[in-house]
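# what's the 3D shape of this:
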Amino acid sequence: GLAAAVPRLLVVDDDELMRQMATYTLQQAGFDVVEASDGPHALALLSASHFDLVLLDLVMPGMDGYEVCRLIRAAPQGALLPVLVLTGLNDTVSIDAAYDAGASDFIAKPIHWTLLSHRVRYALRASAAVAGAQRARERLERAQHIAHMGHWELMLAGQRFRCSPGLAQVYAMAPDAAARATPSDFARKVAVADRERVHAARLDAATAGLPYQMSFEVRRDDGVVRTVFEQVVVLRNPAGQPEQLEGITQDITDRIEAERRITQLTHYDSMTGLPNSRFFRELCTPAL
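Numbering: from 1, shown residues only. Here you go, the predicted structure:
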């Protein structure tokens, strides 16, 4: 098979000796290393090519590391890029400010050179795990979009609610409206004829921990009435009390319509619309 790509690192520090020491240490550990002496140079390199991790000094003349980190995070390709900041400022305020600017972790000066490559490898593994989880979420969202399905979670303490983009699609909701929606907002979309039944099932899930599966009609935000299938499981806390509801809601209208159409074709004459002999036999057999 193909050999794994060598991780490419960017070392940003105005101190030439410190920069060279970091570069030498990381190259000896097997990394591909590129150097930048200031913030603008680093940002130009990041916009021109791909890097797997940035080692960034906080205290630099002109554009400091805080600003560089903020600009990295603002760029689309920098949202998940691990940024390790180098700082001799070991006070809590400086470290907190670095995290607020988007730093992934920090390494205090003077640098322990033996441990530097291990910290970098750890950060790369963590970044790979986050990227893998992101890809898995994206695959799930694509699959749910194809299946006209969405999922949602409700933390019972505080009624904290979160739903996937797929659920917004099921209800024909704008993404920003779905992001602000509460369980009550979705409950009001249930058809009046089904509302009491659905409310009772959800209440039993939240209070008694009873999972449920059911189909019911909803009126979407565009006014169209659709049939959905909802399945809910209950997560419990260590004391055994219901703590969280997790649900999957799928638009099954097309399936229901197909089943009705099959029934129509099976039991009624296609030309006259009248019941056929099969319908007659199925109706009369129990009586006979």
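
# Give me the mean pLDDT for stretch 278-285.
The predicted model assigns stretch 278-285 a mean pLDDT of 78.

# show me what contacts Ala191?
216-219, 225 (C-beta atoms under 8 Å, 6 or more residues apart in numbering). C-betas here are computed from N, CA, C, even on glycine.

# mind listing what the helix or strand harbouring Leu86 pairs with, with the direction of each?
According to DSSP states H and E, Leu86 maps onto strand 83-87. Strand 83-87 sits in its sheet next to strand 53-57 (parallel), strand 105-108 (parallel), going by DSSP bridges.

# how far off strand 83-87 does the following helix or strand past that strand point, in degrees?
Following strand 83-87 in sequence order, the next helix or strand is helix 92-100 (DSSP H and E). Relative orientation of helix 92-100 and strand 83-87, computed by axes from the mean of the first three to the mean of the last three C-alpha atoms, to 10 degrees: 160 degrees.

# I'd assumed Ala172 was in contact with Asp222.
Yes. Checked against C-beta atoms under 8 Å, the pair Asp222 and Ala172 is within contact range at 4.4 Å.

# More neighbours: those two, which one.
Ala172 (16 against 9; other C-beta atoms under 10 Å).

# what's the burial count for the nearest residue to that one once chain neighbours are set aside?
Leaving out its chain neighbours, the residue that sits closest to Ala172 by C-beta to C-beta, 6 or more residues apart in numbering is Arg220, at 4.0 Å. Under the neighbour criterion other C-beta under 10 Å, Arg220 is assigned a count of 16.

# My read is that Arg220 contacts Arg226, right?
Yes. With contact defined as C-beta under 8 Å, Arg220 reaches Arg226; the gap is 6.1 Å.

# Read off the pLDDT value for the residue nearest to Ala172.
Per the predicted model, pLDDT is 94 at Arg220.

# residue nearest the centroid of the protein?
Arg137 (4.9 Å; C-alpha atoms, centre = their mean).

# I'd like the distance between that residue and Ser164.
Between Arg137 and Ser164 the computed distance is 9 Å (C-beta to C-beta, to the nearest Å).

# What of Ala123?
For Ala123, the distance to Ser164 - C-beta to C-beta - is 29 Å.

# Equivalent analysis for Gln250, please.
12 Å.

# ditto for Thr227
Distance from Thr227 to Ser164, by C-beta to C-beta: 20 Å.

# neighbour-wise, which of these two wins?
Using other C-beta under 10 Å as the criterion, Thr227 and Ser164 rank with Ser164 on top: 21 against 18.

# My guess is that one contacts Trp152. True?
Yes. Using C-beta under 8 Å, Ser164 is in contact with Trp152, at 6.9 Å.

# Give me the neighbour count for His50.
So His50, with other C-beta under 10 Å, has 9 neighbours.

# Check Asp185 too.
14.

# and it, which of the three is it?
helix (DSSP: H, G, I helix; E, B strand; the rest coil).

# Please enumerate the strands of this structure.
8-12, 32-36, 53-57, 83-87, 105-108, 149-155, 160-163, 212-219, 225-236, 242-251 (DSSP state E).

# what's the closest of the ones you listed to Arg261?
strand 225-236 (14.4 Å; C-beta to C-beta).

# avg pLDDT for the closest one?
Rounded mean pLDDT across strand 225-236 is 94.

# I'd like to check the angle between that strand and strand 242-251, please.
160 degrees.
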